[in-house]
Structures are given as structure tokens and as C-alpha cells.
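In: Provided below are the primary sequence and the corresponding predicted coordinates.
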Amino acid sequence: MRWALVKVCLAVTAMVVVAFAVPLGLVVKEMARDRAFSDAERQAATIGPTLSITTDRTQLEKAVLTTEPGVAGRMAVHIPAADEAAGRPLDIGTGRATGEDLATVRKSGRASTAAVPGGFVLLQPTALGSTDIAVVEVFVPEDAVSHGVATAWLVLAGVGAALIVGSVAVADRLGVRMVEPAQRLAGAAHDLGEGRLGTRVPEEGPAELRSAAAAFNSMADQVVQLLASERELAADLSHRLRTPLTVLRLNAASLGEGPAAEQTRAAVQQLEHEVDTIIRTAREQRPQPQGLGGAAGAGCDLCEVIRDRMAFWSALAEDEGREVRLAGVDRVVRIPVARPELVAALDALLGNVFRHTPEGTAFAVDVHHSGEAVIVLVSDAGGGIADPAAALARGGSGRGGAAGAKGVVGSTGLGLDIVRRVAESTGGDVRIGRSVLGGTEVRIRIGLEGRRPERERRGHRVGRRRRGVTLRNGALRFRSGSGLNL
């Protein structure tokens, strides 16, 4: 829009400059021509008094030499049959006009100009008597006719260029005044779409853009209010679970001792903790400026969270006879994801393993740090997923499930969608492939610092060449030349 305005202004100003400068340049040229011939007429008129007194050659030559054109050899006097003894015309000075031009001037009795080599001649008739007419010729060089024209045209061109540059500068400033508020409005809309609910637009610029900014700010305030109402509703609904949870906890306490009783009580305690977390999170009124990852700089230790969740699920895995492998979690890896979001994503993946694979099926969790991102691999030895693309779609896992799963009754199909949103909030992604254990492998790429890596690794899938991967001593190990793509 800004450059379009500049182009329009440039075109209009150029047309105006051409419309005025070209005629003005032609007028200047005509004025220079008229000035040169007017000066020639004035010089020719100085010979008139001498011709009215005498036609003597000597006297006329002296009169011619007293003028500036005569001294320069640019004046001549033509007298018809002035030399009575010889009976022929008298010509004084250097003449350049043709006999035809002289005859035409004598016949018409009016001054005229004629083109000659090197310029023009002014022919001025002067009556010597009732029948004789003398002609005074003044030569006007070409450079005298165009004297000052080039300078005037350069001045006009400079003025025109200055007008064009000035109009473009003014149009650019006007365009900036119009475009910058529009760009701020577009950027604010993009930020609001990214989840930065605190984004507002200054009400500046033209009246229309100020009105649009005010409408945007009002809409953003309403969005924040609606989200706050939704959070309060979620908190209230979660709070209603406290009563049945209390009854469940009392019943679990009466189960006595034993592994099953301990697992039940631990599950009830964990459920109470999750409900409390939902209530506290739902009632936080702070907008999340960077999507699911939270505010800039917020995050958690990926490895610490994975160890904690594996410790929680290991009890159930031991009860079902599942072999668990864990590797790559022996150091601190900070990621820009809030801990509750990461816990929900990990529990969704591990819960899918327990729900959709038979008892006794082994699974593994492996973490790799690639500098730009962190790769988390969750693998199992089940039957795999028949349609990975459908499983990644929201609600898809609830429709299809995993091959060889015990059943998908009660599944909402949102587990993998939760994982995908967590990964994409950091610029990462989620992919499903075949694991080295023979079943499903979910590959989660989490971008560091909440940004997309500079190099997009398109088409690289973990699991294309996995023959060099083995399980040894409870950890995933890679042999040289395995060709693993992270």
C-alpha cells in the first residue's frame, strides 16, 4: 500500500511537471529567438538616418562600421541602382541573403527573416524615395538565437526533478502514516492468534485505522473475558470432583495392605493432585504469551520430568510384566514447556501404551539432544498403528487405535493431539513410525527456546534404518552405521 501510494504520486507529479515544463521550455526558446531578432532590428534601424541623407558608399561604410554587427562583419546594405555611373546596385558589407529574398522584401515593403548557413538574416527595408527601397541585412548566428535556452531548460529540469523528489518524499511519509498502523494491527492480530492475549494496538493513524484498532482492542478484551469465564467454569467443574474423590480415598484406605491396595491409594492420590493442578491452572488469569509453553523463559527439566513419570508408571508396568527401557535422561535438559503441559503429554503417550498394547509388552523411552532441539522417542513392542496420519489427527486415535490393541473403549482420541500441540508450541513436531521393538514409535521433536530451528529437517524420519539399534542393559544403544535420522 505504501509503495502503491508513492507510485501514484510519482506518476501524477511527473505528468504535472511535463505538462508545465515542456510548454514553458518552448516559450523560453521563442523568447530567446525574439530577443535576438529584436536586437538585430534595433541595429538595422541605426542605418536608417544615414540612408535618408546619403547613398554615398564611403559615408555608408562608415555608418556600418559604427554598429556592433558591422564591426563583426554581420551587417550589409543593399541599394538598388545607387551607382548611376555604372547603372548597377550598390552592396556594402558582407551579404548572405539571396537576390530572391531581397526582391521579396522590396516588393512587400515589410521586414522578414530568412535562413542562411550558420544562422538567420534579418532584412529591413528602408525607402530612399518614391520608388527606390534599400535593404539593411543583419546576420543573426544560430548561437545568438538559442542563447540561454539550454541553461533555462536545465533549470526547468532541476525544478521538475525537485518537485518529483519532494512529492515522493511527502507521499512516502503519508504512506508510512497510513501503513504503519495497519502493519501494527496485522501484527497484533497475528500475536493474538498465537496466544499472546495481552496484545493491544495503539489507536493511532487515520480515523478508519483508529476505529479498527479500537475494535481490535475491544475484541481482545472480550476474548480474555471469555477465556477467564471458561477457566472459572473448568475450575468449578473440577472442584465438583473433590467429593467423589474423597469417598474413593476413604474406600481405598479401607482396602488394607497389599500391592493392589497400595497402587489404588497411589492412583487416588495422584488423581487428587491432578484435580488440584487443574483447578489452580484454570484460575490463573495470566495469558500465555507463547502458546502452551508459557511465558518467555518459563520451562522445565525434560529429563527430570521423564524420570518422575517413568517412576510413576513403572509400578503398573511391573504389575503387568512389562519390560521398561529408559536412556538419555542422565543430564539436565531445559525446554520451553511448562511442567504441567509436559506431564500431560508424557502421561498421554505412556497411557496409550498401557491401554492399547497387551500385558507383557515392552516399551522404551529415549532422549536425544541435537543442539537445536530435543528428540524424545517413545517405543513399544506392540502391533503398531495401522494409519499414523489418522492417529495424529484430533480424535483420530479414538477412532482407529493401534493394531493389536486390547481395545479403545472410552478413548477420546485426544492424547496424541495434546502431544502434538505441546511440540508445535516450541516449533517442533510429532511423527509416528515403526519402532526397533517391532511396534509403534512416537517421535517428539521439541525446539529449544521456543523457536523453530534454522535448518528444517524435512522428510527425516526416525525408524527408516533401525537394524543397527539394540536393547542392552536396560537402555537403547546404537551401533556404528545404523543410519538413524533424528
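Out: Great, that's in hand. The model shown is predicted, which means the values in this text are computed figures rather than measured ones.
In: rest of the way, CA atoms for contacts and neighbours
Out: Fine.
In: how far does stretch 49-62 sit from its chain's centre?
Out: With CA atoms, centre = their mean, to the nearest Å as the basis, stretch 49-62 stands 84 Å off its chain's centre.
In: now P388: how far from I432?
Out: In this structure, P388 and I432 are 6 Å apart, going by CA to CA, to the nearest Å.
In: between these two, which is the more surrounded one?
Out: Counting neighbours by other CA atoms under 10 Å for P388 and for I432 shows that I432 has the greater number, 23 against 20.
In: how near is the nearest residue to the more buried one once chain neighbours are set aside to E304?
Out: Using CA to CA, 6 or more residues apart in numbering and skipping residues adjacent in sequence, the residue nearest I432 is V442, 4.7 Å away. When CA to CA is the yardstick, V442 and E304 sit 20 Å from each other.
In: the two: which is more packed in?
Out: The residue with the greater number of neighbours, taking V442 and E304 and applying other CA under 10 Å, is V442; the counts read 22 against 16.
In: helix or strand for the more buried one, which one?
Out: Under the criterion of DSSP states H and E, V442 resides in strand 440-447.
In: what is that strand packed up against?
Out: Counting by 3 or more CA pairs under 8 Å, 6 or more residues apart in numbering; DSSP states H and E, the packing neighbours recorded for strand 440-447 are strand 373-380, helix 415-424, strand 429-434.
In: mind putting the ones you listed in CSV, distance to F216 and mean pLDDT included?
Out: Compiled in CSV, the helices and strands packed on strand 440-447 are given as follows (distance: least, CA to CA, whole Å; pLDDT from 0 to 100):
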stretch, distance to F216, mean pLDDT
strand 373-380, 35, 93
helix 415-424, 26, 83
strand 429-434, 31, 91
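In: relative to H273, which of those is closest?
Out: The stretch from the helices and strands packed on strand 440-447 with the least distance to H273 (CA to CA) is helix 415-424; that distance is 19.5 Å.
In: other SSEs contacting the closest one?
Out: For helix 415-424, the helices and strands in contact under the criterion 3+ CA pairs under 8 Å, 6+ apart are helix 339-356, helix 388-392, strand 429-434, strand 440-447.
In: now do the buried residues in stretch 364-380.
Out: Within stretch 364-380, the residues that qualify as buried by neighbour count (16 or more other CA atoms under 10 Å) are 364-368, 372-380.
In: need phi/psi at G321.
Out: G321 has phi and psi values of phi 70, psi 30 when expressed as degrees, to the nearest 10.
In: assign L90 to helix, strand or coil.
Out: For L90, the assignment made with DSSP: H, G, I helix; E, B strand; the rest coil gives strand.
In: doesn't L60 make contact with it?
Out: No. Counting by CA atoms under 8 Å, no contact exists between L90 and L60, whose distance comes to 10.5 Å.
In: R334: neighbouring residues, count only.
Out: Summarising burial for R334: neighbours were counted as other CA under 10 Å, giving 16.
In: over to T46?
Out: By the other CA under 10 Å criterion, the neighbourhood of T46 contains 15 residues.
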